[in-house]
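S.K.: Fold the following.
(2 chains)
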Amino acid sequence: MSAADLTGLDAFLRIVGDDLGLDVEHPAGADLALTEVPGWDSLNLLRLVVLLEESGHRVPVHRLLEAQSLRDIHTLVKEYG
Amino acid sequence: MSTGIDHLRELRKRGLLEKAYDQVAAALAEEEPGGARADTAAAGRLLGGLDPEAVLSHHPATPVVTVAVTGQSTVGQVLDPLRGELARHGLLLRPVLGEHGTYLRDLTDPTSELHAAAPDLTLCLLDAETVFEQVPGVWRPEDVEAAACEVLDRCAALADAAPGTLVLNTLPLPLTYSRQLIDHRSRARLGAVWREFNARLLRLTERSPALVVIDLDPLTADGGPVTDARLARYAKVRLGAGLLAGYAREVAHLARALRGATRKCLVLDLDRTLWDGVLAEEGPDGIAAAGTLRGEAFGAFQTCVKQLASQGVLLAVSSKNDAAEVARVLADHPDLVLRERDFAAVNANWEPKDGNLADIAGQLDLSTDALVFADDSAAERAQVRHGLPGVAVVPLDDEPATHIARLLADGWFDAVGLTDEDRARTGEYRARRARRELHAGSGSHEEFLRALGLRLEVGPPRPHEAARISQLTLRTNQFNLAGGGLTEAAVKGLAADPEREVLVARTADRFGDNGLVGAVLIGRSPGQWRLENLWLSCRVLGRGVERAFVAVLLSRARRLGLHTVDARYVPTARNHRAGDLYPSCGFAVRRLPGSGEHGDGASGYRHDLTVLPGIPGHICVTESGKAPR
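M.R.: Predicted coordinates for the structure are as follows:
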């Protein structure tokens, strides 16, 4: 996965869903509270931190940990590149 | 190129993971491009949504490992890699997760959820905070030493209280603590205190059979940072993903070993696996395992293989070569560390390797899922994977410097503890081969037995033999007269019991020592022995040892002035072969007190010691311990 893959919301949701093993509906799942995403648990956020790191994104961890929805996270990814 | 992970992802999308769980291990055993291994943490995430019960309803025979996880900090992130690593070995994880920060209660409170789940393994993940949370904010090495002492006492107590096999780990020392001390003398002191703690933690395993301590030092030395500073601070993740992936792999190997699924034999290719060059093309002078840069790498690999063999791993060769030429090279090529005598079987021919591996398994009385196969050729590996899916395959490549790491990566031979018998196994198998040859060359079975020169020694066990006795009683199914076995702790406990006694049998013949092959648990009361159970390794059956052992016991009883010896046989699914042992030695049937109440089908026997059974003439008996002649 490269940085470019995650800039579009659809690609972001698909890849996050695949890698975390979540069933995220496109695009409605983006706005669900994270705790409402089917299969979500608190560890998913940690996995996501690692995932973004591995794919070259530099989102500050404390901001990711405060995110409420996948759209929030996607916005951070776009913001920090 | 489609990989094993892609295959899993596809199954998951189609909702077929539970139904196809039997394909998961094979998918993860597939090689990734470049011979890399699958990302097992990613596989574990994909498998995270699995319902274990649904898997079991499709595949009821799937082995399940219940693992309780607790610890100092955030520990749940170990489940993904653990689930993936267990899946690689066909095991299904049933996790029980403790509350964050409550490991003491989780482990010591018998009413906790962790205890209730009766886990096979209990992981208690410790990190530097386990010690440092008890150290003041402004500190000196002495403060750390005092805190470490307290933690060690706590860990020692946990080993006795935790359910199942408890797994602790050594604590990596974070650079961020070491560097808070600005002088080298204090840093050295901290380093020494820290390592003394870790060393004492590791030594706890010497007295607690149900404790395993995983040493994180080699894992961090190999795998980079212990954690990420931000995740440690914000999310209390003090052991990072890379380290936990390595830890999870060690735990999966442990789970496999505890299930008795340890591999027994390493089958090796020769050309470009054990030596540089191709024997059939370049001749003995064209191959090297010393003297050249690449040659030395192969030599180091051979030395590592020999080290495994010294611990009881059987070695075999499967190579596409002429048998005679291979025999010559193994006999006298100056470069070789491994020689013909190091191998329990050498199959050098031009037939497909899957057939050769099946043949090797047959020669050694092993099933093919006890084999590990290492070869540098991707084509040969694929052929074996396809033909014999039970065989574990080690992908070597054209870089011999990485052969050792690749061979050891999967801990195929990991065990909880080794016995002397394990270490002597290669010699034992060589002797077995020689015995078979003698048998084939003898005119009759009697002639074979006479030529064998069998010796039987009966007496009390030596103090260090508790582990071996336990292993024998737990692994023996066929000649186990009353079913069941003894844990090591139980064997040790018997030594202090005035009313019970264990005697053991050792055998040897002209081909070597079989070691401790039999044991009897005796209940003693005035004038009488009760043989509560008797175990005999199937390795020595068929040579009269079973009757000789009982005959020696009876003669010993008479010499001790006893009047009767009682015995019992409890039928199990596997021990019917032992059913007529006592009657054949002159025991009379007797009604058991309370028989019919237990419903275990037990038969009771009594010998009055008037007419003792004879000892077969081909067996030479010696006795030790207190028994007047």
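S.K.: quick one: low-confidence ranges for the stretch 1-150 of chain B?
M.R.: Regions of the stretch 1-150 of chain B meeting the criterion pLDDT under 70 cover residues B:1-2, B:32-38, B:100.
S.K.: what does it put close to chain A?
M.R.: Within the stretch 1-150 of chain B, the positions adjacent to chain A are B:9, B:12, B:42, B:45-49, B:74, B:76-77, B:79-80 by C-beta under 8 Å from any C-beta of the partner chain. Any C-beta I mention is one placed from the backbone N, CA and C, and that applies to glycine too.
S.K.: Would you enumerate the residues in contact with the residue of chain A found nearest chain B?
M.R.: Among residues of chain A, the one nearest chain B by C-beta to the nearest C-beta turns out to be A:Val61. It sits 3.8 Å away. For A:Val61, the residues meeting the contact criterion (C-beta atoms under 8 Å, 6 or more residues apart in numbering or on different chains) are A:Val49, B:Asp228, B:Arg230, B:Leu231, B:Tyr234, B:Ala235.
S.K.: And the residues of the stretch 1-150 of chain B next to chain A, which of them are buried?
M.R.: Members of the residues of the stretch 1-150 of chain B next to chain A that pass the buried threshold by neighbour count (16 or more other C-beta atoms under 10 Å in any protein chain shown) are listed as B:Arg9, B:Arg12, B:Ala42, B:Arg45, B:Leu46, B:Leu47, B:Gly48, B:Thr74, B:Gly76, B:Gln77, B:Leu79, B:Asp80.
S.K.: re earlier: can you check the pLDDT for the residue of chain A closest to chain B?
M.R.: Confidence per residue is given as pLDDT, and for A:Val61 that number is 84.
S.K.: Now do it against A:Glu53, distance only.
M.R.: Taken as C-beta to C-beta, to the nearest Å, the spacing of A:Val61 relative to A:Glu53 amounts to 9 Å.
S.K.: swap in B:Arg462?
M.R.: Relative to A:Glu53, and taking C-beta to C-beta, B:Arg462 is found at 56 Å.
S.K.: follow-up on the earlier one: need the contact list for the residue nearest to the residue of chain A closest to chain B when sequence neighbours are not counted.
M.R.: Using C-beta to C-beta, 6 or more residues apart in numbering or on different chains and skipping the chain neighbours, the partner closest in space to A:Val61 is B:Arg230 (3.8 Å). If you count contacts by C-beta under 8 Å, 6+ apart, B:Arg230 has them with A:Pro60, A:Val61, A:His62.
S.K.: wait, isn't the first one in contact with A:Tyr80?
M.R.: Yes: in this structure A:Pro60 lies within contact range of A:Tyr80 using C-beta atoms under 8 Å: 7.3 Å.
S.K.: Now the common contact residues for the two.
M.R.: For the pair A:Pro60 and A:Tyr80, no residue contacts each of them under the criterion C-beta under 8 Å, 6+ apart.
S.K.: mean confidence score for stretch B:222-240?
M.R.: According to the model, stretch B:222-240 has a mean pLDDT of 80.
S.K.: Identify the residue of the stretch 351-500 of chain B closest to chain A, quick one.
M.R.: Nearest to chain A in the stretch 351-500 of chain B, going by C-beta to the nearest C-beta, is B:Ala409, at a distance of 21.2 Å.
S.K.: What score does that residue have for pLDDT?
M.R.: Looking at B:Ala409, its pLDDT stands at 90.
S.K.: got it, and the one 10 residues further on?
M.R.: The model reports B:Thr419 with a pLDDT of 78.
S.K.: Report the contact partners of it.
M.R.: In this structure, B:Thr419 makes contact with B:Ala467, B:Arg468, B:Gln471, judged by C-beta under 8 Å, 6+ apart.
S.K.: where's the nearest residue to it once chain neighbours are set aside, which helix or strand?
M.R.: Take B:Thr419 and drop its neighbours on the chain: the residue closest to it by C-beta to C-beta, 6+ apart is B:Arg468, 4.5 Å away. Under the criterion DSSP states H and E, the helix or strand holding B:Arg468 is helix B:466-475.
S.K.: cool, and B:Phe197?
M.R.: When elements are defined using DSSP H and E, B:Phe197 is found to belong to helix B:184-203.
S.K.: name the helices or strands packed onto the helix or strand bottoming out on mean pLDDT in chain A?
M.R.: Comparing every helix and strand of chain A by mean pLDDT, DSSP states H and E singles out helix A:42-54 as the least confident one, with a mean of 79. Of the remaining helices and strands, those touching helix A:42-54 by 3 or more C-beta pairs under 8 Å, 6 or more residues apart in numbering or on different chains; DSSP states H and E are helix A:9-20, helix A:61-66, helix B:79-88, helix B:229-235.
S.K.: quick one, it and helix B:79-88 angle?
M.R.: Helix A:42-54 runs at 90 degrees relative to helix B:79-88, counting by axes from the mean of the first three to the mean of the last three C-alpha atoms, to 10 degrees.
S.K.: before we move on, back to that, how about the helices and strands packed on helix A:42-54 in a markdown table, adding distance to B:Leu366?
M.R.: A markdown table is the format used below for the helices and strands packed on helix A:42-54 (distance: least, C-beta to C-beta, whole Å):
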| stretch | distance to B:Leu366 |
| --- | --- |
| helix A:9-20 | 40 |
| helix A:61-66 | 50 |
| helix B:79-88 | 21 |
| helix B:229-235 | 45 |
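S.K.: closest to B:Arg154 out of these?
M.R.: Ranking the helices and strands packed on helix A:42-54 by proximity to B:Arg154 (C-beta to C-beta) places helix B:229-235 first, at 22.1 Å.
S.K.: what's the closest non-adjacent residue to B:Ser178?
M.R.: Of all residues beyond its chain neighbours, the one nearest B:Ser178 is B:Arg187 (5.6 Å), with distances taken as C-beta to C-beta, 6+ apart.
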